[in-house]
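**Student:** Need a 3D model of the following:
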Amino acid sequence: MAKPLVSDDLWAAIAPLPPPERPRRNGGRKPVSDRPALAGILFVLISGIPWERLPAEMGCGSGLTCWRQLRDWQAAGVWSRLHLVLLERLHGADKLDWTRASLDSASVPAKRGGAATGPNPPDRGKPGTKRHIVVDGHGTPPGLTLSPASRNGSEMLAATLDAIPPVRRRKPGGRPRCRPGRLPADKSYNHRFRRDECRRRGIVARIARRGVEDSSRLGRHRWKVEPMLAWMVRFRRLTIRHERREHIHLACNALPASIIWPRQTRRSG
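**Tutor:** Below you'll find the model as predicted:
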């Protein structure tokens with residue numbers, strides 16, 4: 001039997017987060033419940049099919065209904081709150097490693113264009129978008145940002161670090177944690193501006209220096225981000241940017257980055 005797209009653990013975390021349903025003045029059809037709509041969103045992200053081809057027999061409503069749910073929940077901050085809730089659960093279980101983090105980026109084609117797109121040099125100047133991810137010592141992604149593919153990845157270091165939300169400690173009265181202790185990075189981040197950005201945030205930058213150090217020596221610390229980038233590509237909808245609107249594409253990336261939480265809990269348990 002196939003596993004459910006929305007597990008009980010995931011639904012228990014997300015059920016309290018959506019805003020209450022608006023009352024309908026003129027009646028109309030009963031809206032699709034939140035859980036089936038979320039299953040439809042995940043099915044589109046995993047399979048890569050267009051929204052309008054979502055199978056009706058799944059009981060998730062139409063693809064347009066699921067797309068609107070994705071859009072409305074992004075506008076209501078549901079995905080960011082879900083991400084914070086899951087990070088706090090991991091932190092409460094001592095399964096977030098703040099001692100060090102690793103950061104990297106990957107480009108995807110953006111054939112329809114839109115905001116946060118630009119000419120991608122490795123793809124012969126075709127439009128593309130870069131996905132920047134920072135992960136903790138266990139490979140959990142607390143921060144994610146987007147940029148045009150033409151932008152140097154190192155320029156998004158500060159923005160990606162600042163995308164990490166303040167995660168509350170288990171002990172009452174403790175200060176929230178949102179900064180790793182160390183940040184290993186390869187030679188592409190070797191610039192005094194990047195080191196200064198880390199220093200201002202209280203992070204020890206371990207960046208390979210050109211002509212002095214070999215980036216391979218940082219591999220045992222940096223490899224944690226590579227499985228996360230590979231995990232994102234398993235969602236076939238994310239191998240190419242189909243959404244013209246930046247906030248919709250960000251939502252499509254934020255949801256997979258959040259649902260890695262149950263996998264990390266089992267792996268670290």
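**Student:** Can you list the residue ranges for strands in the stretch 1-150 of the chain?
**Tutor:** 102-109, 118-120, 126-135, 143-148 (DSSP state E, counting those that start in this stretch).
**Student:** Can you tell me which of these is nearest to Asp34?
**Tutor:** Asp34 lies closest, by Cβ to Cβ, to one member of those: strand 143-148, at 23.2 Å. Backbone N, C-alpha and C define where each C-beta goes, glycine included.
**Student:** any chance of the strands of the stretch 1-150 of the chain in TSV, plus mean neighbour count, distance to Arg177 and mean pLDDT?
**Tutor:** Conversion of these to TSV gives the following (neighbours: other Cβ atoms under 10 Å; distance: least, Cβ to Cβ, whole Å; pLDDT from 0 to 100):
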stretch	mean neighbour count	distance to Arg177	mean pLDDT
strand 102-109	21	17	91
strand 118-120	17	34	91
strand 126-135	22	14	93
strand 143-148	21	13	94
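**Student:** Ok, which of those comes nearest Asp186?
**Tutor:** Between the strands of the stretch 1-150 of the chain, strand 102-109 lies closest to Asp186; by Cβ to Cβ that is 8.1 Å.
**Student:** Please convert the strands of the stretch 1-150 of the chain to JSON lines, extending it with distance to Val78.
**Tutor:** Formatted as JSON lines, those follow (distance: least, Cβ to Cβ, whole Å):
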{"stretch": "strand 102-109", "distance to Val78": "24"}
{"stretch": "strand 118-120", "distance to Val78": "29"}
{"stretch": "strand 126-135", "distance to Val78": "20"}
{"stretch": "strand 143-148", "distance to Val78": "16"}
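**Student:** Please tell me how far Asp9 sits from Ala39.
**Tutor:** Shown here: Asp9 relative to Ala39, a distance of 14 Å by Cβ to Cβ, to the nearest Å.
**Student:** Compare these two (neighbour count), which wins?
**Tutor:** More neighbours surround Ala39 than the other of Asp9 and Ala39, with 20 against 14 (other Cβ atoms under 10 Å).
**Student:** And the residue nearest to that one when sequence neighbours are not counted, its phi and psi?
**Tutor:** Closest residue to Ala39 apart from its sequence neighbours, by Cβ to Cβ, 6 or more residues apart in numbering: Leu5 at 4.3 Å. Dihedral angles of Leu5 (phi, psi; degrees, to the nearest 10) stand at phi -70, psi -40.
**Student:** show me what contacts Leu5?
**Tutor:** For Leu5, the contact set (Cβ atoms under 8 Å, 6 or more residues apart in numbering) comprises 38-39, 42-43, 46.
**Student:** do Ile14 as well
**Tutor:** Residues in contact with Ile14 (Cβ under 8 Å, 6+ apart) are 38, 78, 82.
**Student:** how many neighbours does the closest residue to Glu52 other than its chain neighbours have?
**Tutor:** Nearest residue to Glu52, sequence neighbours excluded (Cβ to Cβ, 6+ apart): Gly63, at 4.8 Å. Neighbourhood size, Gly63 [other Cβ under 10 Å]: 20.
**Student:** Pull up the gap between Gly63 and Arg237, please.
**Tutor:** Counting by Cβ to Cβ, the gap from Gly63 to Arg237 is 12 Å.
**Student:** residues bridging contact with those two, i.e. touching both?
**Tutor:** With Cβ under 8 Å, 6+ apart, Gly63 and Arg237 have common neighbours Val44.
**Student:** Helices of the protein, residue ranges please.
**Tutor:** In the chain, the helices defined using DSSP state H lie at 8-14, 34-47, 63-75, 78-92, 157-162, 192-200, 219-222, 225-233, 246-258, 261-268.
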